[in-house]
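**Q** Take this sequence and fold it.
(chains A and B)
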Amino acid sequence: MANPQAAPEDKNFATLQTLGELGDSYKYGFTTKVEAETLPPGLTEETIRFLSAKKAEPEWLLQWRLKAFARWSTMEHEPTWAKIHHPKIDYQAISYYSAPKNFTEGPKSLDEIDPEIRKTYEKLGIPLAEQEILAGVQNPTNQAKANPIAVDAVFDSVSVATTFRAELEKAGVIFCPISEAVHKHPGLVQKYLGSVVPAADNFFAALNSAVFTDGSFVYVPEGVRCPMELSTYFRINERNTGQFERTLIIAEKGSYVSYLEGCTAPVRDENQLHAAVVELVAMEDAEIKYSTVQNWYPGDENGKGGIYNFVTKRGACRGARSKISWTQVETGSAITWKYPSCILEGDHSVGEFYSVALTRNHQQADTGTKMFHKGKNTRSIIIAKGISADNGDNTYRGLVDMAATATGSRNYTQCDSLLIGNSCGAHTVPYITVKNSTSKVEHEATTSKISDDQLFYCAQRGLAEQDAVAMIVNGFAKEVLQKLPMEFAVEAQKLLGISLEGSVG
Amino acid sequence: MEPDERARAGLFLAFQYPVELPGVNTAQFLRTALNAHRAARGEAELEALPFLKLVRTEMQKLGMSEEFLSRSVNTGFSGGEKKRFEILQMALLQPTLAILDETDSGLDIDALKVVAQGVNALRNPQRSFLIITHYQRLLDYIKPDVVHIMAAGKIVKSGGPELAQQLEAQGYDAVIRNP
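**A** Next comes the predicted model:
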């Protein structure tokens, strides 16, 4: 019997054609027309003094920034160990501050937000009004009715709105722009800023420490379970600007908080820089769950434009039995360079990293995690799923470090790569160092391809090719997507499908 | 026509070696496939609950346990389970023409009966089946209307059910050489 299961031979050709038609598949590429106050490009000490003065920062913070800038100035170039390539970045050609005009200080009341900006967030599906979220009007998923989400909206360099603050305050939770926290909670900011990611930690962290403008600040007091999901929505709008946000989350003894961030940017021909720093601190028995759905503009099918996403994220499990869990879905950006990490200091503390990174067209991702086991009986789990299509290049890079003090500790790592087509790349680069004899480290890795047989099987059941790919990819990524808060898991599933439309080979 | 269009137009192919789709939930797969067919017929999408009711009824007929619905498509299925799952899909999608490609290969007698039952239950004047097999065994349970013998890509002989029995008794060589 002839093999009826052979797929049509011209599949590759058809795929290439469909790919060509996908130029406008990025749904968030629009620009908001809002008059902006933008600092001319360039970075000097004066720029930093301007930024600091703009936010009327205390002297200690200005000095902290200047010190970071001095260190950054001595660093000659970006780290070179990652498997990414890009033309030299001209840091003097970037503007380090852009804010909607007439934007004087921290977020005003929700009613006073510039209608254009409000519209922007509505288009993005992020309502900046509390009653609307409560009523579930704007949100397509039913779950949103029951679980309102507090949103901090960051537009270019400034936070334009933070919702549900009063309700959170009742629970004792502080959720506000970091620029505001500097004034209202100076003790906390000074104590923790740079305590997990030191100002001169790496090239991009040093740059961020010098020029960061806004981001979120979260403080959850002892024994408090944060009553709702917290989220920050980052939007880059202005041309030629970089976004340098800084997020700081502190969970006191026995507290719990779940935080998530989303990111988008307009379609532009030039590359834009996003260099963020996120620091998490979890005390005894505290738990922080940090989720990211990163969908910055990825560039076009020829690799033109797109965001350079160079991000330093790190959490410290300071107390015994504390837990930090990172979940990321990375579908956007021309380049992603990002290693959300955990320092497991407290005995029995737990670090988790769940990641789905998707690269297509000419996207490059070099992402993974670092798990530093210092306390006794600490545990970490790493589940990384890389999906590559077209000419996308996807690298998992991760470190598991068992210190001499980390007796009885365990790590389990699983890295799976899924390839679509013949010109993409998947790479796994695990680093493991063990300095005691009672720890256990496991590493598993697989590489697979979406096969023509799988697609043909789905087609025989009436599924269009793109639906079949979306289904297979979501099946591949399921373990990670399940870790996202419900509403976002649904969004992330759709996002993976949309991001891969027409990418079959 | 593309394969998926043909499928939605009513053609069903039961595979000899159904491929695994790791991580793709069977229930979700079945519902997506069914809804693709319904959409093509201009019918409304079947919601989760009525779908589950439907699929459970069909599974019961095939002697499949509930836990099938929480597994990944064909992943880790035994040969018999894979074939049952093929028949389940056929029962749900209600094709006009179903091609069963050596669906009986590697099946024990119980699984074979299940496949035959599935086919017989769907049999009606509006639906045709093309069953490809090497053995008479399956035809003990499914009584064919017409039997064709195919050799080297060509139909070399046609007849009624008795042709299959003749084959079983005399072997291919003898039957083909003596027309």
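**Q** Now for residue A:383, how many residues are close by?
**A** Residue A:383: 20 surrounding residues under other Cβ atoms under 10 Å in any protein chain shown. C-betas here are computed from N, CA, C, even on glycine.
**Q** what do you get for residue A:355?
**A** 27.
**Q** isn't it right next to residue A:394, touching?
**A** No: using Cβ atoms under 8 Å, residue A:355 makes no contact with residue A:394, being 10.7 Å away.
**Q** ok, and the closest non-adjacent residue to residue A:350?
**A** Spatial nearest neighbour of residue A:350, excluding adjacent residues (Cβ to Cβ, 6 or more residues apart in numbering or on different chains): residue A:323 at 4.2 Å.
**Q** which residues does that neighbour contact?
**A** With contact set as Cβ atoms under 8 Å, 6 or more residues apart in numbering or on different chains, residue A:323 has these partners: A:282, A:286-288, A:317, A:349-352.
**Q** Now the two most distant members of the residues you listed.
**A** Using Cβ to Cβ, the contacts of residue A:323 span at most 14.2 Å, a distance reached by A:286 and A:352.
**Q** who's more crowded, those two?
**A** Neighbours were counted for residue A:286 and for residue A:352 using other Cβ under 10 Å; residue A:286 has more, 29 against 20.
**Q** which ones are touching that one?
**A** Listed by Cβ under 8 Å, 6+ apart, the contact set of residue A:286 reads A:220, A:251-256, A:319, A:322-323.
**Q** Return the distance of the closest residue to it other than its chain neighbours relative to residue B:119.
**A** Distances taken as Cβ to Cβ, 6+ apart put residue A:251 closest to residue A:286, at 3.8 Å, once the chain neighbours are dropped. Separation of residue A:251 from residue B:119 (Cβ to Cβ, to the nearest Å): 60 Å.
**Q** Residue A:204 now?
**A** To residue B:119, residue A:204 is 63 Å away according to Cβ to Cβ.
**Q** do residue A:217 as well
**A** Distance of residue A:217 to residue B:119, given as Cβ to Cβ: 66 Å.
**Q** cool, and residue B:24?
**A** Here residue B:24 is placed at a distance of 26 Å from residue B:119 (Cβ to Cβ).
**Q** Just the local confidence number for the residue of the stretch 251-400 of chain A found nearest chain B, please.
**A** With Cβ to the nearest Cβ, the shortest gap between the stretch 251-400 of chain A and chain B falls at residue A:385, namely 9.8 Å. Among the per-residue scores, residue A:385 holds a pLDDT of 94.
**Q** In the chain, mark out all the helices, start to finish.
**A** Answering for chain A, as no chain was given. For chain A, the helices defined by DSSP state H occupy A:11-20, A:45-54, A:59-74, A:115-123, A:130-135, A:143-146, A:165-170, A:178-184, A:186-192, A:203-211, A:452-460, A:465-481, A:486-499.
**Q** I was thinking of chain B, sorry if that wasn't clear
**A** B:3-8, B:26-40, B:48-61, B:79-93, B:109-122, B:161-170, B:172-177.
**Q** Quote the end-to-end distance of stretch A:277-287.
**A** End-to-end span of stretch A:277-287 (Cα to Cα, to the nearest Å): 20 Å.
**Q** Stretch A:397-412 now?
**A** Stretch A:397-412 has an end-to-end distance of 15 Å (Cα to Cα).
**Q** Can you list the buried residues in that stretch?
**A** Buried residues in stretch A:397-412, defined by neighbour count with 16 or more other Cβ atoms under 10 Å in any protein chain shown: A:397-403, A:406-411.
**Q** Compute the distance from the centre of it to the centre of its chain.
**A** Its chain's C-alpha centre and that of stretch A:397-412 lie 24 Å apart, by Cα atoms, centre = their mean, to the nearest Å.
**Q** and the contacts of residue A:286, which are buried?
**A** Listed as buried from these are A:220, A:251-256, A:319, A:322-323; burial here means 16+ other Cβ under 10 Å.
**Q** so can I have TSV of these showing pLDDT?
**A** What follows is the buried ones among the contacts of residue A:286, written out as TSV (pLDDT from 0 to 100):
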residue	pLDDT
A:220	97
A:251	98
A:252	98
A:253	98
A:254	97
A:255	97
A:256	97
A:319	97
A:322	98
A:323	98
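**Q** Let me have the residues you listed in JSON lines, extended by distance to residue A:449.
**A** Formatted as JSON lines, the buried ones among the contacts of residue A:286 follow (distance: Cβ to Cβ, whole Å):
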{"residue": "A:220", "distance to residue A:449": "44"}
{"residue": "A:251", "distance to residue A:449": "41"}
{"residue": "A:252", "distance to residue A:449": "47"}
{"residue": "A:253", "distance to residue A:449": "48"}
{"residue": "A:254", "distance to residue A:449": "46"}
{"residue": "A:255", "distance to residue A:449": "44"}
{"residue": "A:256", "distance to residue A:449": "40"}
{"residue": "A:319", "distance to residue A:449": "44"}
{"residue": "A:322", "distance to residue A:449": "40"}
{"residue": "A:323", "distance to residue A:449": "35"}
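**Q** Which of those residues fall in strands?
**A** The strands, defined by DSSP state E, take in A:220, A:251, A:256, A:323 from the buried ones among the contacts of residue A:286.
**Q** pLDDT below threshold where in the chain?
**A** Let's take chain A. Applying pLDDT under 70 to chain A flags the ranges A:1-27, A:102-112, A:123-147, A:157, A:239-240, A:265-266, A:268, A:487, A:502-505.
**Q** try again with chain B
**A** B:178-179.
**Q** What distance do you get for the residue in it that chain A sits nearest to to residue A:195?
**A** Across chain B, no residue is closer to chain A than residue B:23, which sits at 2.9 Å (Cβ to the nearest Cβ). Residue B:23 is 39 Å from residue A:195, where distance means Cβ to Cβ.
**Q** Kindly report the same for residue B:40.
**A** As judged by Cβ to Cβ, residue B:40 and residue A:195 stand 59 Å apart.
**Q** again, but for residue A:304
**A** The gap separating residue A:304 from residue A:195 is 40 Å, by Cβ to Cβ.
**Q** just residue A:489 next, same as before
**A** Distance of residue A:489 to residue A:195, given as Cβ to Cβ: 32 Å.
**Q** Which one of residue A:217 and residue B:119 is surrounded by more residues?
**A** Taking neighbours as other Cβ under 10 Å, residue A:217 and residue B:119 compare with residue A:217 leading, 28 against 22.
**Q** tell me the contacts of the residue nearest to that one when sequence neighbours are not counted?
**A** In space, and not counting its chain neighbours, residue A:217 is closest to residue A:181: 3.7 Å by Cβ to Cβ, 6+ apart. If you count contacts by Cβ under 8 Å, 6+ apart, residue A:181 has them with A:174, A:188-189, A:217, A:219, A:248.
**Q** Most neighbours out of those, which is it?
**A** Among the contacts of residue A:181, residue A:217 has the most neighbours (other Cβ under 10 Å), with 28 neighbours.
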